[in-house]
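S.K.: Next come a sequence and a model predicted from it.
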Amino acid sequence: MIFEAVCLICVAILWGGTNPFLKKNSKDITTIKADSAIKQFLLELKYLLTNTRYLIPMALNQLGSILYFLTLQRADLSLAVPVANSLTFVFTAVSGFILGEEPPKKNTILGVLLILVGTFLCCYDNYLVRYKL
């Protein structure tokens, strides 16, 4: 149970920590213009595949997806999904703030706190059910 929880937290860190980098390092894709949809697609694909500032966070993000897939084989699904997805939001907010995005508003901070409390309650409830305390 502890191992799975640590893996899910690592997934959330990999997903949430890379989201602001992916957003920041793919902004220039909107400046690419082409005559046809196929050429547009190929130029955008070329941009992404040659942009190491985008590729490294994307690789880490995908590593998080692989870890998530492997963890789902052992973890309780009713716990794994809320933990990974809710904590991803928390780490995205923290990473964005560290990168210099606008400071979180009161509602965002309240949301992060509620997510942390809700995640803790899910884990605690799952622990109680599993060990019949």
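M.R.: Happy to help now that I have it.

S.K.: quick one: low-confidence ranges for the chain?
M.R.: Scanning the chain for pLDDT under 70 picks out 128-133.

S.K.: which residue lies farthest from the center of it?
M.R.: In the chain, counting by CA atoms, centre = their mean, D35 sits farthest out from the average C-alpha position, at 34.5 Å.

S.K.: Specify the local secondary structure of that one.
M.R.: Judged by DSSP: H, G, I helix; E, B strand; the rest coil, the three-state class of D35 is coil.

S.K.: what's it sitting at in phi/psi?
M.R.: phi -70, psi -40 (degrees, to the nearest 10).

S.K.: who are the neighbours in contact with the one residue sitting closest to the centre of the chain?
M.R.: Central residue of the chain (CA atoms, centre = their mean): W15, 2.4 Å from the mean position. Contacts were defined as CB atoms under 8 Å, 6 or more residues apart in numbering; by that measure W15 touches 61, 64-65, 84, 88, 91-92. Every residue, glycine included, has its C-beta placed from N, CA and C.

S.K.: quick check, nearest of those to T52?
M.R.: Among the contacts of W15, N61 lies closest to T52 (CB to CB), at 14.4 Å.

S.K.: you'd agree that closest one is up against T18?
M.R.: Yes - N61 is within contact range of T18, at 4.3 Å (criterion: CB atoms under 8 Å).
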